[in-house]
Structure formats: C-alpha cells, structure tokens
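Chemist: no sequence for this one, just the structure:
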C-alpha cells in the first residue's frame, strides 16, 4: 500500500517489485503447468489481486520507478492497475487454450489503516475466483489479435 519509498535488489521501485513483478514472475514460472493442467471441465486460472486504488492513476510507464515522486498511493495504484492489465493480457493470449485471467478487488481487510473485513472475508473473493465452478469458462476470449487481425491471439 502506501509504503515508504524503497528499491528492490534489482533497483526497481519497491511497490513495483512487490505488487507487480513478483506476480508476473510467479505466473511466468507456472504458465506451462497452468496450460498443461487445464481441462475442458475446469480451466486453469490466474487470479490477480488488484485494488480499488487502481483509480489513483494509470501505469507510469515513463517513470516506472517513480523517480522524484514520493506519492506512495500513486505508485500503489499504478502497480494495481498493472495487475489488471496483466490478467487481461493473460486472458487475451491464453484464454483460448483454457487459461483464464481474472483480477479482483477483495475489499479492505484488517490492516493498520483499513479495518472493514476479517482476513477470512477478505480471502473469500480470491478463493472464489480460483475454484468456483460458477465462473466456469467465463471470461473474455478475443476472436483475433487486436494488432494484426489474425484469427488467433499471439
């Protein structure tokens, strides 16, 4: 959340490393397992935890490390919208292969400044998105590549 400015060992802004790069790395390491384990009866899923804080601003591509900007909420919001984009892109690229990308805001839960839901209630949305049969094959699967118009995404 609105953390003090810091850097990862690789030199990236700390929230970018913790709230986005780590999510992407985990997906990348599991991608082939997720694709191989998907079945017609139950598609594999990536559930990316976003936040209503995505409203704080767009992804700051030009200043990914927020140099000279000490606004932690803008950095956090930028990272959370990046998670939404990641889930959308995974859905676009792999949805037709049975790997679904979902993003969600699980609600405010017990933390130093957000005391609305218990930890169990906050985790329920993520668990539901990961295992619910109600979601089934739901999710947007594009009919073609947005860039070149081919019949399959790539």
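Modeler: Thanks, I have the structure now. Values in this document were obtained by computation on a predicted structure and should not be read as measured data. Residues are numbered from 1 along each chain as shown.
Chemist: and the helices in this protein?
Modeler: Assignment of helices within the chain using DSSP state H yields the ranges 14-16, 22-37, 72-94, 119-131.
Chemist: can you redo those helices as TSV with mean neighbour count and mean pLDDT?
Modeler: In this view, the C-beta of every residue, glycine as well, is placed from N, C-alpha and C. Formatted as TSV, the helices of the chain follow (neighbours: other Cβ atoms under 10 Å; pLDDT from 0 to 100):
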stretch	mean neighbour count	mean pLDDT
helix 14-16	21	78
helix 22-37	13	94
helix 72-94	21	83
helix 119-131	14	78
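Chemist: which one of these lies closest to residue 45?
Modeler: helix 119-131 (5.8 Å; Cβ to Cβ).
Chemist: just tell me which of the helices of the chain ends up closest to residue 48.
Modeler: When the helices of the chain are compared (using Cβ to Cβ), the closest one is helix 72-94, at 4.2 Å.
Chemist: could you give the angle of the closest one to helix 22-37?
Modeler: Per axes from the mean of the first three to the mean of the last three Cα atoms, to 10 degrees, the angle that helix 72-94 makes with helix 22-37 is 20 degrees.
Chemist: and of the helices of the chain, who's closest to residue 103?
Modeler: Closest of those to residue 103 is helix 72-94, at 3.9 Å (criterion: Cβ to Cβ).
Chemist: any chance of the helices of the chain in CSV, plus distance to residue 50?
Modeler: Shown next, in CSV, are those (distance: least, Cβ to Cβ, whole Å):
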stretch, distance to residue 50
helix 14-16, 13
helix 22-37, 10
helix 72-94, 5
helix 119-131, 11
